[in-house]
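Student: Sharing a model that was predicted from the sequence below.
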Amino acid sequence: MKKICLALIILLAAGSFVFASGQQGGSGGAAGGAQAPLIGLAMPETTVLRWVKDGASLKAEAEKRGYRAELQFGNGDQVLQNQQIGNLLTQGAKLLVIGQLNDGVASAVADAARDNVAVIAYDRIIQNSADYDYYITFNNFKVGQLQGQGIEAGLNLKSATAANPKYITLFAGSPTDGNAFFFYDGAMSILNPYVQSGALKVVGPYPETSKDTANFQRIATEGWLPNIAKTRMENLLSGDARSVTLDAVLAPNDTLARAIIEAVSADAKYTNKLPIVSGQDAEAASLAMIKNGQQYMTVFKDTAKLAEAAMILADQILKGVANPSVPGAVLASSIGLESIGDTGRKVVKAYLLDPINITQANWRDPINAGFITPEEVTANNLQ
Ligand code: GAL
């Protein structure tokens, strides 16, 4: 009983940052006294659970360093997020940490630049803007490689042949999200050689890379919305995939993976054997599906570490450090991935953290790292 009470207190304390509307995250905070500089935190949404965790961690890390922090969630609406950013500037924010929704954020970043307010693009690059200098995220190309390697291992592609090919269908993330292109290209850097040898056959649209814009748009999932992925999977099952048995589905994150698995599970053809399905974000519901074999893998991106790194970077920027360094993160330019920082208008300093592969062999790692809360463990039978 005591454990449940303690867990509820923790949850209520954390949840106080996210009101019902999901739009405000609260401001001030114990450590950030009334005169402390204000850091504005603009997160994209609360539908994909990781952003709630990002917001709470960013706020805590800012206050730990003596700043005030105001947390806002954009509810998937870039116009709303831009209004929230405007309000943060009006409140005198000295630095903004922005997890964008789409290119429309660039006008709000221009306003910040006009007010000499520094901006850190958080997890997602801010495209078509020359008005900021810093981006911090995970190595998203490696996230995709881990997804591709999961499918390679799950299908034992190294032993597959053109005479006895495996069948896959492809999904990508939102076309408004620069990460989605790196996830996809990372995965296909592993899978394309098998397609070219004939050992892996693609069912449905096949962009060899995200540069094949027309076909990439056909496999992309607007706004990362699970219902869009579910409907597209249902259409594939009754259409292009009607006369084959799929062995794998490339799913770019966990919410889409679970929607795809839901659609496939409703098709009698897959009652005894689901296709290998990839994922990302180490969400508790997906860890449960990895534990029971329904989802093959996910990628753990410890958002607590990303938030800590972002605040280490923010602190140095606010203190005027010319070339900030972030422990645990590498500059994209130092590992040949400078393109990750290319906004289309300039190349910003991109700091990359390492993602971690999660399969049935190590599904407890995100729990042991404290990323999954005790309430989530209980709710998803992850004991
Ligand atoms: C991406 C993010 C992923 C995934 C997706 C859905 O930009 O890097 O972790 O969660 O958004 O929000």
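Tutor: Structure received.
Student: Backbone torsions only: list them for G40.
Tutor: G40 adopts backbone torsions of phi -90, psi 130, taken as degrees, to the nearest 10.
Student: Could you measure from the residue lying closest to it once chain neighbours are set aside over to the ligand?
Tutor: Leaving aside its sequence neighbours, G40 sits nearest to L88 (CB to CB, 6 or more residues apart in numbering; 3.2 Å). C-betas here are computed from N, CA, C, even on glycine. Distance of L88 to the ligand, given as CB to the nearest ligand atom, to the nearest Å: 21 Å.
Student: Could you give the number of residues near L88?
Tutor: Neighbour count for L88, taken as other CB atoms under 10 Å: 25.
Student: Just want the residue of the stretch 1-150 of the chain that's nearest the ligand.
Tutor: Residue nearest to the ligand within the stretch 1-150 of the chain: V48 (3.8 Å; CB to the nearest ligand atom).
Student: Tell me who's in contact with that residue.
Tutor: By CB atoms under 8 Å, 6 or more residues apart in numbering, the contact set of V48 is W224, N253, T255, D281.
Student: Now for these: which two are most distant?
Tutor: W224 and D281 (10.3 Å; CB to CB).
Student: Mutual contacts of those two, please.
Tutor: Shared contacts of W224 and D281 (CB under 8 Å, 6+ apart): V48, N253, T255.
Student: Need the three-state assignment for the closest residue to the second one other than its chain neighbours.
Tutor: If I follow you right, that is N253. Spatial nearest neighbour of N253, chain neighbours left out: Q280 (4.2 Å); criterion: CB to CB, 6+ apart. Here Q280 takes the coil state, with states given by DSSP: H, G, I helix; E, B strand; the rest coil.
Student: Neighbours of Q280, how many?
Tutor: Number of residues near Q280 (other CB under 10 Å) recorded here: 30.
Student: Check the secondary structure at the residue of the stretch 1-150 of the chain closest to the ligand for me.
Tutor: Using three-state DSSP, the structure places V48 in coil.
Student: So V52 belongs to a helix, correct?
Tutor: Yes - read with three-state DSSP, V52 is one of the residues of a helix.
Student: And the pLDDT for it?
Tutor: On pLDDT, V52 comes in at 95.
Student: and the closest residue to it other than its chain neighbours, how far is that from A56?
Tutor: In this structure, V52 finds its nearest non-sequential neighbour in T46, 5.2 Å apart by CB to CB, 6+ apart. For T46, the distance to A56 (CB to CB, to the nearest Å) stands at 11 Å.
Student: Grab the nearest non-local neighbour of Q81.
Tutor: Residue nearest to Q81 in three dimensions, not counting chain neighbours: G74, with 3.3 Å by CB to CB, 6+ apart.
Student: quick one: the one you found from V249, how far?
Tutor: Remark: distance between G74 and V249 (CB to CB) = 29 Å.
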